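> Provide a 3D model corresponding to the input given below.
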Amino acid sequence: MIHIAIPYFSGTGHAKRLAELVSQGVTRGGATATLIDVATIQPADWDVLAGVDAVIFGAPTHMGSVAGAFKKFMDDSSDIWFDRRWANKLAGGFTTGVSHGGDKLNSLSQLCLFAAQHGMIWVGQDEIGAPVIKENVGINTSGIWLGLGATDSADKTRLIDAGDAETAQRFGARIADAAMRWS
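This next block holds a predicted model:
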């Protein structure tokens, strides 16, 4: 069975909800997923990260880059980097922010570079939204291909709008499919 870890940071709940949706997609894709909140990461969580087939990193975009708590997680992985423990694992990433654009691409670039430094193999977004594919209304509305970019919903009961929620699930399923092919 393919196992995927989703380490994330969420300040207001939006990135956590996005992580849950990506996790549902991983399951939909036939793999298992473990969510890891990097704000409360424990030694056992680092062990999970060492044993999985793929890792999907997630953080909100704050002030043009990943939130500081996620950057701390990145910095804390330096021993793993030195020992090449994540080398050749698949990786992907997601971010969310209040603006439709909001410099999310910079956050995804930061996550992609982080994965590259670890020797990981990056998997991006492949969903084509409307208007190109008319029936894909709400899918990948940001048009970001490097990873998953979602917009915070003003509806605090949902946190993520329906189109971005479906895009997140498709992204999780894509990573699961890639991990099955890679393994």
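> quick one: the helices in the protein?
Along the chain, the segments classed as helices by DSSP state H run 14-28, 43-51, 68-76, 78-83, 104-117, 162-182.
> what about Asn88, neighbour count?
Residues lying near Asn88 (other C-beta atoms under 10 Å) number 10. C-beta coordinates here come from the backbone N, C-alpha and C atoms, glycine included.
> my error: substitute Val26 in the last question.
So Val26, with other C-beta under 10 Å, has 29 neighbours.
> again with Phe9
Applying other C-beta under 10 Å, we find 26 residues neighbouring Phe9.
> and the pLDDT for it?
Here the pLDDT value assigned to Phe9 is 98.
> which residues touch it?
Phe9 makes contact with Ala15, Asp37, Val38, Ala39, Gly58, Ala59, Pro60, Val66, Ala67, Ala69, Phe70, Phe73 under the criterion C-beta atoms under 8 Å, 6 or more residues apart in numbering.
> my read: the fourth one touches Ala69, true?
Yes: taking contacts as C-beta atoms under 8 Å, Ala39 lies within contact range of Ala69: 5.2 Å.
> for the two, work out which one has more neighbours and name it.
Shown here are Ala39 and Ala69; by other C-beta under 10 Å, Ala69 has more neighbours (18 against 14).
> count of neighbours near the spatially closest residue to Gly30 that is not a sequence neighbour?
Excluding the flanking residues, the one nearest Gly30 by C-beta to C-beta, 6 or more residues apart in numbering is Ala176, at 5.9 Å. Here the count is done by other C-beta under 10 Å, and Ala176 has 27 residues near it.
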